[in-house]
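J.: my questions concern the predicted model and sequence given below.
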Amino acid sequence: MSERILELAKKLKALAERGEGGEKVNAFDQLQKLIKKYDLNLEDFETAKLSYRVFAFDMHDETHKKFVRQVIISVIGLTDMYYNGLIHNNWAVEIDDLQYVEISEKIDFYWPIFKREMEIFYTAFVQKNDLTLNVPEGEMPTLSEAELQKLRQAFKMMQGMEKHEFKKLLNDKNEEIENK
């Protein structure tokens, strides 16, 4: 039996046990069809034991903490997760081996992409709100093709952003400006 079929059977079994309403019934029906079609034995895929697994995240990065939690939720839904901040920053959750692998792989795959997208968002936000350094045109640095591509993505992202106007409260002589 292929690993893919075994993995599908395990997921259907988990959904049939933990799902709700029609989702649960449909998963059970699909599991029964899979068992008949491939002449499976339930013992073949019941070896996945539930155990507590820990997912660590950067101690100083609240965004990574939220990201890891969201990935866990995307795999197992809203369930009990225990935050353990005393012994490193991490999420502890009771899952089986397949869920652990899926969560770990998703974190490893999506986190670098998320960080790259956040860099582009930062550039777009800075540009949209005129928080840049004014450089004379002759002194502009030459950009690589990768830097130009990021800039193009940032400009596309800027199209959907709202520009915020900062109003000075004091002028250059530290005198209050009258807002009219």
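T.: It's in. Residues are numbered from 1 along each chain as shown.
J.: show me where pLDDT drops low in the protein?
T.: Across the chain, the ranges flagged by pLDDT under 70 are 1-6, 38-52, 56-60, 79-89, 97-98, 171-180.
J.: apply 90 and report the result again.
T.: Applying pLDDT under 90 to the chain picks out residues 1-66, 68-69, 71-108, 130-143, 146-148, 150-151, 161, 164-180.
J.: would you map out the domains in it?
T.: 3-45, 51-158 (automatic domain parsing).
J.: got JSON lines for those domains, with distance to Lys167 and mean neighbour count too?
T.: Every C-beta, even on glycine, is put in place using the N, C-alpha and C of the backbone. Compiled in JSON lines, the domains of the chain are given as follows (distance: least, CB to CB, whole Å; neighbours: other CB atoms under 10 Å):
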{"stretch": "domain 3-45", "distance to Lys167": "51", "mean neighbour count": "14"}
{"stretch": "domain 51-158", "distance to Lys167": "13", "mean neighbour count": "13"}
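J.: could you redo these as a markdown table and give each row distance to Leu170?
T.: Listed next are the domains of the chain as a markdown table, based on distance: least, CB to CB, whole Å:
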| stretch | distance to Leu170 |
| --- | --- |
| domain 3-45 | 58 |
| domain 51-158 | 19 |
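J.: closest to His164 out of those domains?
T.: Across these, the minimum distance to His164, taken as CB to CB, is reached by domain 51-158, at 5.6 Å.
J.: would you agree Lys128 is in contact with Lys163?
T.: Yes. The pair Lys128 and Lys163 passes the contact test of CB atoms under 8 Å, sitting 5.4 Å apart.
J.: how near is the nearest residue to Ile107 once chain neighbours are set aside to Glu119?
T.: Leaving aside its chain neighbours, Ile107 sits nearest to Val71 (5.3 Å; criterion: CB to CB, 6 or more residues apart in numbering). Here Val71 is placed at a distance of 20 Å from Glu119 (CB to CB, to the nearest Å).
J.: likewise Ile72?
T.: 25 Å.
J.: can you check Asn26 too?
T.: Taken as CB to CB, the span from Asn26 to Glu119 is 41 Å.
J.: what sits against the residue minimising distance to the centre of the chain?
T.: In the chain, the residue lying closest to the centroid (CA atoms, centre = their mean) is Phe67, at 4.5 Å. Phe67 makes contact with 57, 107, 110-111, 114 under the criterion CB atoms under 8 Å, 6 or more residues apart in numbering.
J.: which one of those is nearest Asp96?
T.: Looking across the contacts of Phe67 and measuring by CB to CB, the closest to Asp96 is Ile107, at 16.9 Å.
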